[in-house]
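>>> Curious how this folds, go ahead:
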Amino acid sequence: MKSFSAFRNLTRLAFVGMLAMGAMGAASQALAAAIIIDNFSGTRQAGTRVFTSTQGGGMGTAPTFTEANGGGAIRMQPQNSIVTATLTYTPAATLDLTGGGTNTQFLVEFISVLADNGLPLQGLSNLTITVNTITGPRQKAGLGVFQNQGNMAFPFTQFTGSGNFAQVTSIVLAFSSQTNVSSGWGTITLDRVWASPTAGAVPTPPGAGFTAITATPTGSTTINYALAFSNNQGAAPIIGLTNTDITISGTAGATTLVVTGSGSSYNVAVSGMTTDGTVALTLGANTITDLWQQANPAGATSTTINYVKPPVFTNGPPPASATVGTPYSFTYTASGLGPITYAINSGALPTGLSLSSAGVISGTPTAAGVFSGATRATNVASTNQSFSITAVCPALTVSPTSLPGGAISSAYSTQTLTTSGATGTFTYLVTAGALPAGLSLSSGGVLSGTPTASGPFNFTITTTGPGAGTCTASRAYSLNIAGTFAVTPSAGAGGSIMPNAVVQVAAGQATTFTITPQPGFAASVGGTCGGVLNGATYTTNAINAACTVAASFVALPHLTRVESRKTHGAAGVFPLQIATGVAVTGNVTVEPRVLGAGHTIAFQFDRAITSTGTLSVVDGTLALIAGASAAVAGSEIIVTIPALADNMRARISLTNVSNLGVNATASLGFLVGDMESNQAVGPTDATAVKARSGQVADSNNFRTDVNASGAINASDISAVKARAGKTLP
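Residues are numbered from 1 along each chain as shown. This next block holds a predicted model:
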């Protein structure tokens, strides 16, 4: 065990020596190394060491301390007493045990803890660690040390007190042992005492490994490797890695190396390659140290990355001008390790052109404009070359310069339009005005059809092309279509139309016809020409196509009878015929019956009626009598007058019956008691009623039923007598 410990400490001393040299070129690091308080081989970063011991009573002997073979041996001999052994370390100046924040624990390593004759120490051996600081002591006490004790690690946070581990003035390790018997001697041999990162034990020295980040092969101007350090506990933060610790090799001529990163992970960027070739990196052994001040025992070599120089264009850019409809061609060339492929990197070629992967621009431009961008040449790396191509339209001309006229209703002589100035197909479209009705223009430029309208027609035809191109040219045309339209008249039974033969009418003009219905008929006009009938004259709309005018005649309704109707109780209704065409002030028919709540007049026609027309009821002074209404009942129009005074005249007029211009008029007077209908009430009227007194009203004597009760009685006689001497006004 002692010889192994000595070897380990010799190796450690060598590492410490190398640390001293590497630190001179090391970049500033965020991490600091563990602090060796004592390695019992001559290295103490905590300053001077003083050993003291005590023995209290009994047969015991004060402990002794021996430093040899990389260990510090403390001989404990309590023998029925208490003994103490103290190691005190005093730095020359205030010591930061945290190493700037990296160190978090106090670590004590043992080579051995053995009792004499291999027997356990009798009684407990205790360790107390006291760290004195500017701001007060920190202490970890009551730590038992036993036979075959392993390493002991104590986080700073477990120490009592509030002193600052970054401002340490001294460190004290105090061992004590007690026994009340005469045996139990033993030796505690220390290996190292540290202020260290949290680990619980010193890890193995760090190892290094490169990982290629940049894919191989590459044309990138910067090649990146990851460099990671690890130990048996995982990632291993290291100190002192600089650009000069890594060597570039390979055939690509790389010249520059930049290391970035911290802790256990770094990036190594290599640049300056001048030719196609290889790139590799090497980290030497014993180049860096970990936080335990252990150097890397072995170097590391990266995998090889093949570097390919980006291509170099040897021609271009392509020609800057192109013509729509004219084929265009250009082939890129570039030097460099092949194969080299080409593609549009940004922007766009003129519409209709394309770039093949072999670098050939081909096609026929279809749109005018300025097209710019960049072409990319790629082997493993890429190089861009800008381009700008202006595509212009050719000068186009539409033919023919004019078009022949045509005639209405006759097939037009087919005309085919053409475009000169470029080869390829063109499309044609009317872009202003309109073709004559009946003619059409195909997309291929063929004008054909049969005109259905005459007159001059102005329009513009635009050609677009060539092919799928967007170049245009236009020509304005004026095309005259001569001729008239035939208007054909006809008349049905019941009237006539004049003229009655086909009339030729100039396009856009109107014509007139005279419509004459026979007596008792009404005229209406239809057909396809359209127009307005005003009296006997029918005027067509403007004629723009052959059309017809058809006159038809409808027989008018004929008034056959007008009746005054009154209900006489259970005897029923007995009508009184009313003379028509008599003036209201003339010798009108007299209605001698009591009026009651109203009166009904029935106009009878020789056919069914569709509407009443307009109703008007006036008195003898031609003043309007309000409240009258009319309703259709089959072939009758029933007029209801809600209230009429005795000794009164009335005229009932119907205008435009069934909307056919038929009018009907009837006049009558109301004089209760006028049995003779002579428009006056006298003794003869009273005698007529008396002669029928006691009879039931019927169709022969209903006039004497003055009160309309259904029977002739004294009330009727009284009504007549009461009106004696009255006449119609």
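
>>> Let's see the pLDDT reported for Thr665.
Per-residue confidence (pLDDT) for Thr665: 95.

>>> check which helix or strand covers it.
Thr665 belongs to strand 662-670 when assigned by DSSP states H and E.

>>> Show me which residues of that strand are buried.
For strand 662-670, burial by neighbour count (16 or more other CB atoms under 10 Å) applies to 662, 664-670. Where C-beta positions appear, they are placed from N, C-alpha and C, glycine not excepted.

>>> Kindly report the same for stretch 88-97.
Using 16+ other CB under 10 Å as the test for burial, stretch 88-97 gives 88-91, 95-97.

>>> just those residues now: which is nearest Thr655?
Comparing the buried residues of stretch 88-97 against Thr655 with CB to CB places Asp96 closest, at 125.9 Å.

>>> From Gln45, how far out is the closest one?
From Asp96 across to Gln45, the span is 11 Å (CB to CB, to the nearest Å).

>>> What of Gly70?
16 Å.

>>> More neighbours: which of these two?
The neighbour comparison of Gly70 against Gln45 (other CB atoms under 10 Å) goes to Gly70, with 25 against 19.

>>> For the more buried one, give its distance to Thr303.
According to CB to CB, Gly70 and Thr303 sit 40 Å apart.

>>> How about the contacts made by the spatially closest residue to Val720 that is not a sequence neighbour?
Closest residue in space to Val720, ignoring its immediate chain neighbours: Gly673 at 3.8 Å, by CB to CB, 6 or more residues apart in numbering. By CB atoms under 8 Å, 6 or more residues apart in numbering, the residues touching Gly673 are 592, 681, 685-686, 706, 719-724, 726.

>>> just Thr86 next, same as before
The neighbours of Thr86, taking CB under 8 Å, 6+ apart as the test, are 51-53, 172-175.

>>> again, only this time at 7 Å
Contacts for Thr86 were tallied using CB atoms under 7 Å, 6 or more residues apart in numbering; they are 52-53, 172, 174.

>>> What of Tyr307?
Residues in contact with Tyr307 (CB under 7 Å, 6+ apart) are 217-218, 223, 252, 273, 276-279.

>>> can you count the residues close to the residue lying closest to it once chain neighbours are set aside?
The shortest distance from Tyr307 to any residue other than its chain neighbours is 4.1 Å, reached at Ala252 (CB to CB, 6+ apart). By the criterion of other CB under 10 Å, Ala252 has 23 neighbours.

>>> Hmm, Ala252 is touching Val270, no?
No: assessed by CB atoms under 7 Å, Ala252 is found out of contact with Val270, at 9.0 Å.

>>> Just the buried ones out of the contacts of Gly673, please.
592, 681, 685-686, 706, 719-720, 723, 726.

>>> Would you mind putting the residues you listed into a markdown table with distance to Asn480 alongside?
As requested, the buried ones among the contacts of Gly673 are exported to a markdown table (distance: CB to CB, whole Å):
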| residue | distance to Asn480 |
| --- | --- |
| Pro592 | 82 |
| Val681 | 87 |
| Asp685 | 89 |
| Ala686 | 94 |
| Val706 | 87 |
| Ala719 | 89 |
| Val720 | 90 |
| Arg723 | 88 |
| Lys726 | 86 |
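
>>> Filter the residues you listed down to just the ones in strands.
Members of the buried ones among the contacts of Gly673 lying in strands (criterion: DSSP state E): none.

>>> Rank those residues by pLDDT and give me only the lowest.
Lowest pLDDT among these: Pro592, with 79.

>>> Give me the distance between that residue and Thr211.
Pro592 is 134 Å from Thr211, where distance means CB to CB.

>>> Thr419 too?
Distance, Thr419 to Thr211, using CB to CB: 67 Å.

>>> Compare neighbour counts for the two and give me the winner.
Just comparing Thr419 and Thr211: by other CB under 10 Å the higher neighbour count belongs to Thr419, 24 against 11.

>>> pretty sure the more buried one is touching Ile461, no?
No: counting by CB under 7 Å, Thr419 does not reach Ile461; the two are 10.4 Å apart.

>>> sorry, back to before: any chance of the buried residues of strand 662-670 in TSV, with distance to Ala482 too?
Below are the buried residues of strand 662-670 laid out as TSV (distance: CB to CB, whole Å):
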residue	distance to Ala482
Val662	49
Ala664	55
Thr665	58
Ala666	62
Ser667	65
Leu668	69
Gly669	72
Phe670	74
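
>>> What is the nearest of those to Val193?
If you rank those by distance to Val193 using CB to CB, Val662 comes first, at 138.3 Å.

>>> Surely that closest one and Pro557 touch.
Yes: using CB under 7 Å, Val662 is in contact with Pro557, at 5.2 Å.
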